[in-house]
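Colleague: Pasting the sequence and the predicted model now:
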Amino acid sequence: MRILGLDIGDRRIGVAISDPSQTIAQGIGQISWDESHRDKALEEIKEFIFKYKVVKVVVGLPKNMEGEEGFQARKVRDFLDFFSSKIKLPVALVDERFSTVMAERILREQGASLSERKKATDKIAAAIILQDYLDSQRSKG
């Protein structure tokens, strides 16, 4: 049983998946999208859900430095309302502050070029979000 992780941005959705034991997250792709093409994005997410037999979805919720939700968080919640009306899986929200910054740092430290970083940042951020969730669940017992 696997968990899918999503990092929903303005133009791309980073996608990560857990291993079957729900211990390790791995970035597996990204989906190009915008508000006018959310049906297409949803279909691509459904493909990942079917392919990996996903039992839960973890989504990064962007918060500001004070821990409050702003405009981007509202966009994520709007997408999740749409998502939940079409897909009946449990969804967990995770504070995603710094996930993209961490992903970019990891890629820079690995020597990735600018074009390689653009292609991988979102899926790495999704993996960070999902790994945070997996670690928190393990620490709860």
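Modeller: Now that the structure is in, tell me what you want to look at. Remember, it's a predicted structure, so these values are computed and weren't measured experimentally.

Colleague: Tell me which residues of the helix ranked longest in the chain come out buried.
Modeller: What stands out as the longest helix in the chain, according to DSSP state H, is helix 114-140. For helix 114-140, a neighbour-count test (16 or more other Cβ atoms under 10 Å) marks 117, 120-134 as buried. Any C-beta I mention is one placed from the backbone N, CA and C, and that applies to glycine too.

Colleague: go on, stretch 61-81?
Modeller: 61-62, 72-73, 76, 79-80.

Colleague: TSV for those, including secondary structure?
Modeller: Below are the buried residues of stretch 61-81 laid out as TSV (DSSP: H, G, I helix; E, B strand; the rest coil):
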residue	secondary structure
61	strand
62	coil
72	helix
73	helix
76	helix
79	helix
80	helix
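
Colleague: got a list of contacts for stretch 46-57?
Modeller: 1-6, 15, 17, 28-29, 83, 87, 89-92 (Cβ atoms under 8 Å, 6 or more residues apart in numbering).

Colleague: can you do 6 Å?
Modeller: With Cβ atoms under 6 Å, 6 or more residues apart in numbering as the test, stretch 46-57 has contacts from 1-4, 15, 17, 89-91.
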